[in-house]
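K.L.:
Mind looking at a prediction? Sequence and model below.
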Amino acid sequence: MRPDTLTRRPPPHAARALGLLAAIGVLALLGLLSIWLGSKEISFGDVWRVLLHNDGSADAVIIHSVRMPRTALAVLVGAGLGLAGTVMQALTRNPLADPGLLGVSAGAAFAIVFSITVLGVSSLYGYVWFAFAGALAATAVVYFLGTRGNAGSSPVKLTLAGAAVTALLGSFTSAMVLQDPVALNRFRFWSAGSLAGADSGQLLQVLPFMLVGAALAVTSGPALNSLALGDDVAVALGRRLGPLRLRGALAITLLTGAAVAVAGPIVFLGLIIPHAVRFAIGPDQRWLLPYSAVLAPCLLLAADILGRIMARPSEIRAGVIVAFLGAPVFIYLVRRRKQLES
Amino acid sequence: MSLPVTIRLSTISVRVRPRGVTVCVALLVAAFLLLCLGMTIGDVPMGLPDVLTGLFTNSDAGNAYLVQELRLPRALTGLLAGLAFGASGAVFQTITRNPLASPDMIGINAGAATAVVAGIAFGFGNGLGTTTLGLLGGLLSGLVVYLLAWRRGTTGYRILLVGIGISAMCTSLTDYLLSKAQITEAQSSMGWLVGNLANRGWDNVLPLFAACVVLFPLVLGLSRWMGTLALGDEVAAGLGTPVQPVRLGLLLAGAGLVAFATASAGPIAFVALTAPQIAQRLARVSSPPVVTSALGGGVLVLGSDIVARVLTPTGLPVGIVTGALGAPVLLWLLVRANRSGSGG
């Protein structure tokens, strides 16, 4: 995608496969850490024993009904946002694309708040559909606004369109929330990007959407590789752009909509992970997608664990920590790119 | 387009466009009318003559108290905040050469909001006051954006994009602070975050008035270079404009105006974005004129506040109305900017 990553030889396939295995190992390790560490101190031996068989003790209840769903949620949401960010960056050929920045999360958030305050929907299974509709509509609007015009699409245009749509929807969302104190109380916890309070029921409800979205994303790697060479080359290589874009948009919508519905908007996660991966293993989408799906949950889990340790017995939300890690990366990317000014 | 007329007074000469002057006068009259009209609305309905007598005479003590102590501060806060938002919007849109680069977008509002919500949530808001916190937060984020966008000089797009990044960071921190606060504090913070003119007193008006008195002349003084800055950095430097000092000065003055206005009235959505664009079209000039934009902002805020209070008995926050009005303008700007190829 960028000259410096194109000229450098990517690592051989075997090394990349090993790297992916190592990343999965790190994810498993972080998952264990996330189950181990929490506001109640449980020794690692006890954690391991209770994990293997649920004996009904207080520790077992904490681990099976609080920490495991939370960890699983972090993995799901992280993978979803990581994949969505990677697909967005490839589809728009825009290094600054992120579901949070390009208004997709704001669209889902707006639709969810609308369904709760105006239509009185209360179950996750009810409002997740609104999240999808909102995410899809916002994706379409931002893409439409950001790619119109003589010069075609550009990173600046898309980012601006995303920021504008985010500001717009944010203003409407807060207007609705202000009229309803009960909704405000739920909204403020959810909108800070939190993984706390997840239960396995919610998890199972969004799991199918996530899986379909992830399957759509991971299998589009070869097509996205051709797209990286430009629309014309992709067509010449036999890709049909319309179906490819539709499939990408569907994947982004399912992944982001489901992630926002359960964890609230988390910004910058989908931005930094693809960049870090591209830096390490090169621009091949066939590897980029699975790597992002494994490393994004690693980062989210690490942020969640960090947030729990730093402010014990209270906690700092994972979304805030990710935003504070992500904003400097975003600014670094903005500063480095000369093309942005043209 | 009307031709400019040059007015000479011994050593000073000023070029004036008749159309621009007409628009300014019309907006000024509209602002005054809306100011008075807004003061007729309230728990005790008043006619326009009652408001005017209450405003200028003390013949009816109750009436005078109602107008001068309760309704005038609200109206003046709205007017001054509108003026400040409009003027700073014109400044930012000109120096970044992008109609979307209002302070709403580039992190100044977001920084002010974070500081104020932090003050409310952690309880040190009472000592320092919303005004000081909003001011510090807005100025600090403005400065951070400028410094981070600096790389052998700055460009409009870098300021804009860095601002979007800082803005996203501040917003996530604000959301977190809202979730840590007590529900009543969260509710009052949210009310403030939308932009609200209810219950404003003279202590809200005076700091904002002082800021306008100091910063407006500064902006107007620097605005003579804004025309060349709009042509691009190289051209401006070639024409003898001290590009970076002027840009820094305008950025700080604009950020100061926004920070003071936000501190008094909350971040009223999209005024800084729409007012300059409307003013530019009314005056039929190529870049947003400062004075016309300021007056347009004042008219927009006062008019929206009246609409908000007429629509519902409890009175919506003014920011909801400006948000609804600004939304179509924003989308239209995006489509238009892209069509002409200037959207980036």
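P.N.:
Right, received. Where do you want to start?

K.L.:
where exactly do the helices run in the stretch 1-150 of chain B?
P.N.:
B:18-38, B:48-56, B:61-65, B:72-95, B:108-122, B:125-148 (DSSP state H, counting those that start in this stretch).

K.L.:
For the ones you listed, give me TSV that also has mean pLDDT.
P.N.:
Putting those into TSV (pLDDT from 0 to 100) gives the following:
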stretch	mean pLDDT
helix B:18-38	88
helix B:48-56	80
helix B:61-65	79
helix B:72-95	91
helix B:108-122	85
helix B:125-148	79
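
K.L.:
Return the most buried member of the ones you listed.
P.N.:
For those, average neighbour numbers computed from mean count of other Cβ atoms under 10 Å in any protein chain shown are highest in helix B:72-95, which has a mean of 29. Every C-beta, even on glycine, is put in place using the N, C-alpha and C of the backbone.

K.L.:
what are the C-alpha coordinates of that one, in CSV please?
P.N.:
Provided in CSV are the C-alpha atoms of helix B:72-95 (Å, rounded to 0.1, in the frame of the first residue of the first chain):
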residue,chain,number,x,y,z
LEU,B,72,-31.5,40.2,29.2
PRO,B,73,-28.6,38.0,30.4
ARG,B,74,-30.1,35.0,28.5
ALA,B,75,-30.6,37.0,25.3
LEU,B,76,-27.2,38.6,25.6
THR,B,77,-25.4,35.3,26.2
GLY,B,78,-27.1,34.0,23.1
LEU,B,79,-26.2,37.0,21.0
LEU,B,80,-22.5,37.1,22.2
ALA,B,81,-22.1,33.4,21.9
GLY,B,82,-23.5,33.5,18.4
LEU,B,83,-21.2,36.4,17.5
ALA,B,84,-18.2,34.6,18.8
PHE,B,85,-19.1,31.2,17.1
GLY,B,86,-19.8,33.0,13.8
ALA,B,87,-16.5,35.0,13.8
SER,B,88,-14.3,32.1,14.8
GLY,B,89,-16.0,29.8,12.3
ALA,B,90,-15.1,32.4,9.6
VAL,B,91,-11.5,32.4,10.9
PHE,B,92,-11.1,28.7,10.9
GLN,B,93,-12.8,28.1,7.6
THR,B,94,-10.5,30.7,6.0
ILE,B,95,-7.2,29.6,7.5
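
K.L.:
I'd like the distance from it to the chain centre, please.
P.N.:
Going by Cα atoms, centre = their mean, to the nearest Å, the spacing between the C-alpha centre of helix B:72-95 and its chain's C-alpha centre is 3 Å.

K.L.:
Kindly report the same for stretch B:291-309.
P.N.:
If you compare the mean C-alpha spot of stretch B:291-309 with that of the full chain, they lie 10 Å apart, counting by Cα atoms, centre = their mean.

K.L.:
Where does pLDDT dip in chain B?
P.N.:
Counting by pLDDT under 70, chain B has low-confidence residues at B:1-3, B:12-14, B:124-128, B:153-154, B:337-344.

K.L.:
Centroid-nearest residue for it?
P.N.:
Nearest to the mean C-alpha position of chain B, counting by Cα atoms, centre = their mean, stands B:F85 at 0.8 Å.

K.L.:
I'd assumed B:V258 was in contact with it.
P.N.:
Yes. Contact criterion Cβ atoms under 8 Å: B:F85 and B:V258 qualify, at 6.6 Å.

K.L.:
which residues of the stretch 1-150 of chain A score low on pLDDT?
P.N.:
In the stretch 1-150 of chain A the weaker segments, taking pLDDT under 70 as the threshold, are A:1-8, A:149-150.

K.L.:
Just the helices from it, written as ranges.
P.N.:
Ranges of helices in the stretch 1-150 of chain A, per DSSP H, counting those that start in this stretch, are A:3-7, A:13-36, A:44-52, A:58-62, A:68-92, A:104-117, A:124-147.

K.L.:
so which of those comes closest to chain B?
P.N.:
Chain B sits nearest to helix A:124-147 of all the helices of the stretch 1-150 of chain A, at 4.6 Å, using Cβ to the nearest Cβ.

K.L.:
related to what we said a few turns ago, need the residues touching each of B:F85 and B:V258.
P.N.:
Common neighbours of B:F85 and B:V258 (criterion: Cβ atoms under 8 Å, 6 or more residues apart in numbering or on different chains): B:103, B:272.
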